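1. Got a predicted structure here, sequence first:
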Amino acid sequence: MDESQSRDFIRQVIDEDLKTGKYDGRVHTRFPPEPNGYLHLGSAKAIWVNYGIADEYGGKFNLRFDDTNPIAEEKEFIDSIVEDVKWLGADFEDRLLFSSDYFQQMYDYAIDLIKKGKAYVCDLNAEDMKEYRGDYNTPGKNSPNRERSVEENLDLFERMKKGEFPDGSKTLRAKIDMTHPNMNMRDPPMYRILHATHPHSGDEWCIYPIYDWAHGLEDSIEGITHSLCSIEFENHRPLYDWFLDELDIYHPQQIEFARMNVSYTIMSKRFLKELVTKELVNGWDDPRMPTICGMRRRGYTPEAVKEFCYRAGIAKKANIIAFELLEACVRDDLNKKASRVMGVLDPLKIVIDNFPEGEIDMLDAINNPEDPDAGSRQVPFTREIFIERADFMEEPVKKFFRLAPGREVRLRYAYLLTCNDIIKNDAGDVVELHCSVDLDSRGGNAPDGRKVKATIHWVSATESIDTEIRLYDRLFTVENPMGEKDHDYKEFINPDSFKTLAGCKVEPAVKDLEHGDTVQFERTGYFCVDPDSTDGNIIFNRTVGLRDSWARMQKGK
RNA sequence: AGUCCCGUGGUGUAGCGGUUAUCAUGCUUGCCUUUGGAGCAAGCGACAGCGGUUCAAAUCCGCUCGGGACUACCA
């Protein structure tokens, strides 16, 4: 640990606990997802808070499925969550754990509590229980069954477990205080009857523990020291503590921090699911989705996601982290790692009149200026090439210093090129340029040292590969889609968030790439090979564009 | 309305009684450049308000204002 670094409030608590020897110097955290959906950026944050802290202090980290509600949970989600946690880089070693493995122990603890007169079987149905609970302003009323004898409670609870009663007919409840100002303390249910097959424990149980009862026990059983969770559990902490205290068992400390929101996206599992089921996106792994699998498909790296979670920080204040920060982290990481190639998204044909027909000139190109070990490759240059349509302007505006009639630019790693003629179609669109090249400038250096203002990318017209490119933009048009009271978040879906470009031209080096590989198209952005690609048809996803000060200058006007 | 939590540049974040109020992102400008990328340099921009304690308050106390969480047999 670097003591000179600023410490968030959780690390400060842990520092103090270490100093006082509260947990014998141990640090043990956990990530407790319910297997009822896919992990997303918010989950990544929770993982990096928990795993990051354990790792930093030389402690342990558990992946624990909080699988106490068989109605909502599926094997599919268990598998995807394990995959995503591993991909993110959180190492739970051999501790892939399931709450459902503790059901017997929890049951035994419940019997302890009944024997202590602190829990009772209640016959109220859901509707009546709600009625009896009162609300924020009015105190609740005691259940008619609150004073049942310990013997009767023990008997009833055992029969609940044996399956003698139908779903919803009885619950086991903690006996606390129906007038408590904290609603969570108004005799909260601990068990409900649910005759359902569980994805991990099968049909072994027909009573299932409820979160508040289960979670502290799980933490206690695993020897967790610091149970880090989000703010909405703050009001549950008194109950977390109450159960552990009444049982008089090992007592971890729950600490809450603010969940992370990110601008222009949403982080709710429920609504993410709605986007998928209503086909507003193309599945959970749509590259626009903030899901882990979506970001993976988009080409975001686990290192970038981790860095983002760290830069976002930890505090208790409600927050919306700028999406731009995520993009900055992705660019930072990819800049160091991604090989460069040239790709033309919107091709404009150029014929170089003074370059021999049929000749293929193989030119050296550096793979990654940021990484000398990445080596170099050869790029074929021919008489006919493509450049980016946006790199030519018939009537160049001020500060545009790329190609224009009579103007010279550098073709990256190739030759200095001058535009001589423009060919237009009947509609007046520029369809082709006739240019010439300074044959003494091979490699891109001016023989007389003359300055050339711009360097543009290009691709051979005959020796390039045709690809499809998918462009993604922010999923929503507003920073906080959930924040508009009178509007449904779906109204803000960005109609331009997904575009497909066909007929893009990329240099031949990309044919060796595999699914998921990322490259930088020079001057354009980072692109990764989509799993939809086949041998004859490479499809690229744009992960993120390069910073483009020209584009910003234009937008500012 | 009740309980709990939280207010530092546009967005996040540090600060723990004395600082030119940190860092990142963002934006602006300059340098450099065979990516208008990267890098480098400079700049812009904040302590919610009001009282109090103190020689000294972003830091401690009180009030006001503002924001968030919570009324599932979900987690």
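-> Structure's in. What do you need? It should be emphasised that the depicted structure is a prediction, and the values quoted were computed from it without experimental measurement.
2. And the residue of the stretch 301-450 of chain A closest to RNA strand B?
-> In the stretch 301-450 of chain A, no residue comes nearer to RNA strand B than A:Gly444, which is 2.2 Å away by Cβ to the nearest atom of the strand. (C-beta placed from N, C-alpha, C; glycine too.)
3. Report how many residues lie close to the closest residue to that residue other than its chain neighbours.
-> Distances taken as Cβ to Cβ, 6 or more residues apart in numbering put A:Arg410 closest to A:Gly444, at 5.1 Å, once the chain neighbours are dropped. Per other Cβ atoms under 10 Å, the neighbour tally for A:Arg410 reads 20.
4. Can I take it that A:Arg410 is in a strand?
-> Yes - under DSSP: H, G, I helix; E, B strand; the rest coil, A:Arg410 sits within a strand.
5. Pull out the buried residues from the helix or strand encompassing A:Trp87.
-> Using DSSP states H and E, A:Trp87 falls within helix A:75-88. By 16 or more other Cβ atoms under 10 Å, the buried positions in helix A:75-88 come out as A:Phe77, A:Ile78, A:Ser80, A:Ile81, A:Val82, A:Asp84, A:Val85, A:Trp87, A:Leu88.
6. Make sure A:Ala319 is actually in contact with A:Phe257.
-> Actually, residue A:319 is Asn rather than Ala. No - between A:Asn319 and A:Phe257 there is no contact under Cβ atoms under 8 Å: 10.4 Å.
7. Who has more neighbours out of those two?
-> Per other Cβ under 10 Å, whichever of A:Asn319 and A:Phe257 has more neighbours is A:Phe257, with 20 against 13.
8. Spit out the contact partners of the more buried one.
-> A:Asp8, A:Phe9, A:Ile10, A:Val49, A:Leu228, A:Cys229, A:Ser230, A:Ile231, A:Ile314, A:Ala315, A:Lys316 (Cβ atoms under 8 Å, 6 or more residues apart in numbering).
9. SS state for the fifth one?
-> Pointing back at A:Leu228 there. Using three-state DSSP, the structure places A:Leu228 in strand.
10. could you pull out the strands for the stretch 151-300 of chain A?
-> Per DSSP state E, counting those that start in this stretch, the stretch 151-300 of chain A carries strands over the ranges A:171-174, A:189-193, A:207-209, A:226-230, A:253-257.
11. Turn these into TSV, columns for mean pLDDT and distance to A:Ile422.
-> Putting the strands of the stretch 151-300 of chain A into TSV (pLDDT from 0 to 100; distance: least, Cβ to Cβ, whole Å) gives the following:
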stretch	mean pLDDT	distance to A:Ile422
strand A:171-174	98	80
strand A:189-193	98	76
strand A:207-209	98	74
strand A:226-230	97	60
strand A:253-257	97	60
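12. Please tell me how far A:Glu522 sits from A:Thr462.
-> Distance, A:Glu522 to A:Thr462, by Cβ to Cβ, to the nearest Å: 20 Å.
13. Of those two, which one has the most company?
-> Taking other Cβ under 10 Å, A:Glu522 and A:Thr462 do not tie; A:Glu522 has more neighbours (20 against 11).
14. Wait, that one touches A:Leu411, no?
-> No - if you go by Cβ under 8 Å, A:Glu522 and A:Leu411 don't touch, sitting 11.4 Å apart.
15. So what's the gap between the worst-scoring helix or strand of chain A on mean pLDDT and the chain middle?
-> Each helix and strand of chain A was given a mean pLDDT (mean pLDDT, DSSP states H and E); the minimum falls on helix A:549-556 at a mean of 84. Distance of helix A:549-556 from its chain centroid, counting by Cα atoms, centre = their mean, to the nearest Å, is 29 Å.
16. Turn the strands of the stretch 151-300 of chain A into a markdown table, columns for distance to RNA strand B.
-> Below are the strands of the stretch 151-300 of chain A laid out as a markdown table (distance: least, Cβ to the nearest atom of the strand, whole Å):
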| stretch | distance to RNA strand B |
| --- | --- |
| strand A:171-174 | 5 |
| strand A:189-193 | 3 |
| strand A:207-209 | 6 |
| strand A:226-230 | 8 |
| strand A:253-257 | 7 |
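17. Ok, which of these comes nearest A:Asp135?
-> Among those, the nearest to A:Asp135 by Cβ to Cβ is strand A:189-193 (17.2 Å).
18. Show me how far the closest one is from its chain's centre.
-> The chain centroid and the centroid of strand A:189-193 are separated by 33 Å, computed with Cα atoms, centre = their mean.
19. can you list the residues that contact that strand?
-> Strand A:189-193 is contacted from outside by A:110, A:113, A:119, A:122, A:129, A:157, A:160, A:165-174, A:206-210, A:212-213, using Cβ under 8 Å, 6+ apart.
20. can you redo the buried residues of helix A:75-88 as CSV with pLDDT?
-> CSV is the format used below for the buried residues of helix A:75-88 (pLDDT from 0 to 100):
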residue, pLDDT
A:Phe77, 95
A:Ile78, 97
A:Ser80, 97
A:Ile81, 98
A:Val82, 98
A:Asp84, 98
A:Val85, 98
A:Trp87, 98
A:Leu88, 98
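21. TSV for those, including distance to RNA strand B?
-> Listed next are the buried residues of helix A:75-88 as TSV, based on distance: Cβ to the nearest atom of the strand, whole Å:
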residue	distance to RNA strand B
A:Phe77	12
A:Ile78	13
A:Ser80	16
A:Ile81	12
A:Val82	17
A:Asp84	16
A:Val85	16
A:Trp87	21
A:Leu88	19
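22. got a markdown table for those, with distance to A:Leu439 too?
-> A markdown table is the format used below for the buried residues of helix A:75-88 (distance: Cβ to Cβ, whole Å):
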| residue | distance to A:Leu439 |
| --- | --- |
| A:Phe77 | 62 |
| A:Ile78 | 64 |
| A:Ser80 | 57 |
| A:Ile81 | 60 |
| A:Val82 | 59 |
| A:Asp84 | 54 |
| A:Val85 | 57 |
| A:Trp87 | 50 |
| A:Leu88 | 52 |
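23. closest to A:Leu513 among these?
-> Closest approach between those and A:Leu513, by Cβ to Cβ: A:Trp87, at 19.3 Å.
24. For that closest one, which residues are in contact?
-> A:Trp87 touches A:Ile292, A:Arg296, A:Pro302, counting by Cβ under 8 Å, 6+ apart.
25. what about the last one, neighbour count?
-> Other residues lying near A:Pro302 total 18 when counted by other Cβ under 10 Å.
26. mind checking pLDDT for it?
-> With respect to pLDDT, A:Pro302 has a value of 98.
27. That one contacts A:Ala90, doesn't it?
-> No - contact criterion Cβ under 8 Å: A:Pro302 and A:Ala90 do not qualify, at 9.3 Å.
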